[in-house]
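Visitor: structural data only, the sequence is not supplied:
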């Protein structure tokens, strides 16, 4: 879904890391960090285009709705 975004999408961690989620390596690092650590980490997704923000929000809402069934 991120690959379809027009501009950069970044993941900002509480530790101060900025990961470009358009990069496959950064995607791997981000997902590994989030799912391998038992503590839940706070992070922020930053987009640089309004269309990308809408795309990501729509994806998150739809996936949340699917998983609630």
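Guide: Great, that's in hand. In this text the structure is predicted, and so the values were computed from the model without any measurement.
Visitor: which helices and strands does the worst-scoring helix or strand of the chain on mean pLDDT pack with?
Guide: Of the helices and strands making up the chain, the lowest-confidence element is helix 24-36, at a mean of 81, by mean pLDDT, DSSP states H and E. Applying 3 or more Cβ pairs under 8 Å, 6 or more residues apart in numbering; DSSP states H and E, we find helix 24-36 packed against strand 9-13, strand 18-20. (C-beta placed from N, C-alpha, C; glycine too.)
Visitor: so which bits of the first one are buried?
Guide: Going back to what we said before, that points to strand 9-13. With burial defined by 16 or more other Cβ atoms under 10 Å, the residues of strand 9-13 counted as buried are 9-11.
Visitor: partners of it in the sheet?
Guide: Partner strands and pairing direction for strand 9-13 (DSSP bridges) are strand 18-20 (antiparallel), strand 43-47 (antiparallel).
Visitor: tell me the gap between the shortest one and the middle of its chain.
Guide: Computed by Cα atoms, centre = their mean, to the nearest Å, the separation of strand 18-20 from the middle of its chain amounts to 10 Å.
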